[in-house]
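Novice: Generate coordinates for the sequence data below:
(chains A and B)
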Amino acid sequence: MAKPLTALSSKAVPLLRNNIDTDTIIPSREIKGVTKTGLAGGLFAGWRYESGREINSDFILNWPQFKGAQILLSGANFGCGSSREQAVWALAEYGFRVIVAESFGGIFYNNCIANGVLPVRLPNRSIALLAKMDTDIEVNLKTQMIGGISFKISAPHKHMLLSGLDAIDLTNESMDSLQAFEDAYFAKYPWVKL
Amino acid sequence: MSALTLFEKLWQAHKVSDLDGGEDLVYIDRIFLHERTGGVALVSMEQAGRKVRRPEHVFATMDHIVDTHPGRGDETLMPGGTAFITTTRRAAKAAGITLFDLDDKRQGIVHVISPEQGIVLPGLTIVCPDSHTCTQGAFGALAFGIGSTQAEHAMATSTLRLTKPKSMLVDFDGALQIGVTAKDMILHLISIYGAAGGRGSAIEFAGAAVRALDMEARMTLCNMAVEFGAFTGMVAPDDKTYAWLKDKPYAPKGAAWDKAITDWQGLKSDAGARFDKTIRIDASKIAPTVSWGTSPAQSTPLSQKIPKPSSQEDKKSLAYMGLEGGKKISSLEIDAAFIGSCTNARLSDLRAAARVLKGHHVHRNVRAICVPGSSAVKRAAEAEGLDIIFKQAGFEWRESGCSMCFYAGGEGFGKGQRVISSTNRNFEGRQGIGARTHIASPATVAASAVAGHICSASGLEVSRG
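Specialist: Numbers count the residues shown, from 1 in each chain, chains lettered A, B, ... in the order given. Here you go, the predicted structure:
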């Protein structure tokens, strides 16, 4: 069960680079336990820290004006690469609830939905506009608006985020039709059943 | 009835129902887990009090952070790594799923052992919380990577809630030149169309050059579909597919096999089937290819120069890689060579590298490592003496696992070290903090290891006279 997301207002951190992969979002060396928590410290570790754990003050996430920001802006193909859901768990634990990018890695996008993080696809020029705003940016999922710009999201994804519902609970409501499907399916393809 | 794509046939066969708002409930036939992302899913299910619905259809392996030195146990070089192994082992047993543990002869990298065991079959849906699950699309299956939470959903319900991806045909027409491999095909494709060129699509790889590939090369091709941004890649099954799978432990036997073959023969795109997008590539124009930057899209033929930067990103990549545009890529001296991973560590890959290495030694400045993709691959390679060739050439010969394909805090390459690698990702820090990865085919890796600089296998022959 993820935290429901309806509306928020926050600064947006412009990390405007294409192909930011999940290894970069959370390097494998920062995944230290078999849990979904304790990951925020490893977020962007390769960029956030100098050698060891010294803060790299050049890295935009470390700039004081972006402390507490809940919105991250990026380029194309954000979250490409490894399926590691730790990337989303780290972003969420750090405080990000909204990621805006021209496009997303497919698995990463679904991982966002599963964890109450809103992935917003916008064209480059809209992201550039948001990046120029130095005030807080309003996000409203119900009206599908961010900083005065409308965005698209599929109805089921919107519903999941607004409600914070658990997908397994939802699917369990369809168990009767699943049983009927499975009976017919195994009859037709008997070798599939082990 | 209208002409259907292979992907459409797979989707329709597994569609349980329409969900509200455009998602489908899709039946999942097989689920694979590994200790890095699977253990956390099993634990999360336990905490929620959820059961695995069909444990007989769920498998797990130890591959990601296991030690690959001979005589290994549960101890890992990665700090804290042992907990991933022991937790996954305990949770897998509690859930009643099949585990290919460290001491199991069947152990290996998930996408190598699933085909070896006949767990993936044509027409199946198979998922794993691992992005390279698309490798298994080579068998005409709908095989795709998911997150850990989705893996919980698949285990609890035997389904996933999915938005149907768009379809794409990538047609490699013509014949590859000698010395050009599936790795070069996929790097070529990504370098032309970008790391998001296949964004969200279910890609069917087809054409004469794909038909001509053996099954292991088809796996290499499909493996890197995710580096192209795709939902997955697949190749329609044919006689090569059936021959490869016959008599594998989990493949159907006897009359069931015959019945399955009859069904599988229909698993191809019908003439006139429409794809949302089509890319055509003349395979004869593809050359041995190597990456120069920090995305697989930043790749170039070995004969070419490193491109001059055309964007801020190129500049950042070149700076990380310690390179200048305009220099010949083949002039770059290397510190290490790595042959391994779900991309290129099957028997045919090790044979290709061994052919280059036979009678030669790696350059004195190069550390060279070979990690077979599975324990079965390792045994098969040893049975034909490949291990001797690797060792005599100065390669370390390891136990199977993902190993140094990625750096998890244990073993890795050093800051500024240049590595030629048969793996799939050249991201910043992927193989070590500050390590500089160039991805290429196993033959290119082997040739470069001998030459001490980036070099194609044919280039090595020329320089030897």
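
Novice: from the chain's centre, how far out does the top strand by length along chain B sit?
Specialist: Counting by DSSP state E, the longest strand found in chain B is strand B:166-173. Chain-centre distance of strand B:166-173: 19 Å, with Cα atoms, centre = their mean, to the nearest Å.

Novice: Identify each buried residue in that strand, please.
Specialist: For strand B:166-173, burial by neighbour count (16 or more other Cβ atoms under 10 Å in any protein chain shown) applies to B:K166, B:S167, B:M168, B:L169, B:V170, B:D171, B:F172. Just so you know, the C-beta spots here come from the backbone N, C-alpha and C atoms, and that holds for glycine as well.

Novice: what pairs with the fifth one across the strands?
Specialist: Put plainly, it is B:V170. Judged by DSSP bridges, the bridge partners of B:V170 are B:F205, B:I279.

Novice: That one is in contact with B:L189, isn't it?
Specialist: Yes: the pair B:V170 / B:L189 is scored as a contact, 6.5 Å apart, by Cβ atoms under 8 Å.

Novice: So which elements touch the strand or helix carrying B:R379?
Specialist: In this structure, B:R379 is located in helix B:375-383 according to DSSP states H and E. Judged by 3 or more Cβ pairs under 8 Å, 6 or more residues apart in numbering or on different chains; DSSP states H and E, the packing partners of helix B:375-383 are helix B:110-116, helix B:347-357.

Novice: of these, which approaches B:T241 most closely?
Specialist: Between B:T241 and the helices and strands packed on helix B:375-383, the tightest spacing by Cβ to Cβ is seen for helix B:110-116, at 9.9 Å.

Novice: contacts for that closest one?
Specialist: B:30, B:32, B:34, B:59, B:61, B:63, B:100, B:106-108, B:119-120, B:126, B:128, B:130, B:132-133, B:135-136, B:138-139, B:215, B:219, B:223, B:244-245, B:248, B:342, B:345-346, B:373-374, B:376-377, B:400 (Cβ atoms under 8 Å, 6 or more residues apart in numbering or on different chains).

Novice: Show me these that map onto helices.
Specialist: Members of the contacts of helix B:110-116 lying in helices (criterion: DSSP state H): B:M215, B:M219, B:N223, B:W244, B:L245, B:A376, B:V377.

Novice: top of the residues you listed by neighbour count?
Specialist: Highest neighbour count within the ones in helices among the contacts of helix B:110-116, by other Cβ atoms under 10 Å in any protein chain shown: B:M219, with 32 neighbours.

Novice: how about it, what does it touch?
Specialist: B:H111, B:P115, B:T135, B:Q136, B:A138, B:R346 are the contacts of B:M219 under Cβ under 8 Å, 6+ apart.

Novice: Using JSON lines, lay out those together with neighbour count and pLDDT.
Specialist: Below are the contacts of B:M219 laid out as JSON lines (neighbours: other Cβ atoms under 10 Å in any protein chain shown; pLDDT from 0 to 100):
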{"residue": "B:H111", "neighbour count": "32", "pLDDT": "98"}
{"residue": "B:P115", "neighbour count": "24", "pLDDT": "98"}
{"residue": "B:T135", "neighbour count": "33", "pLDDT": "98"}
{"residue": "B:Q136", "neighbour count": "33", "pLDDT": "98"}
{"residue": "B:A138", "neighbour count": "32", "pLDDT": "98"}
{"residue": "B:R346", "neighbour count": "29", "pLDDT": "98"}
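
Novice: Do me a favour and get the end-to-end distance for stretch A:112-130?
Specialist: Stretch A:112-130 has its terminal residues 21 Å apart, counting by Cα to Cα, to the nearest Å.

Novice: tell me the mean pLDDT over it?
Specialist: When pLDDT is averaged along stretch A:112-130, the result is 97.

Novice: Name the SS class of B:K391, please.
Specialist: Classification of B:K391 by DSSP: H, G, I helix; E, B strand; the rest coil places it in helix.

Novice: Test my guess that it contacts B:W397.
Specialist: Yes: B:K391 is in contact with B:W397 according to Cβ under 8 Å; the separation is 5.4 Å.

Novice: Compare these two and say which is more crowded by neighbours.
Specialist: B:W397 (19 against 13).

Novice: Run through the neighbouring helices and strands of the longest strand of chain B.
Specialist: strand B:201-206, helix B:208-211, strand B:277-282.

Novice: Let me have these in CSV, extended by mean pLDDT.
Specialist: Shown next, in CSV, are the helices and strands packed on strand B:166-173 (pLDDT from 0 to 100):
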stretch, mean pLDDT
strand B:201-206, 98
helix B:208-211, 98
strand B:277-282, 98
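
Novice: Please identify which pair of the contacts of B:M219 lies farthest apart.
Specialist: B:Q136 and B:R346 (12.7 Å).
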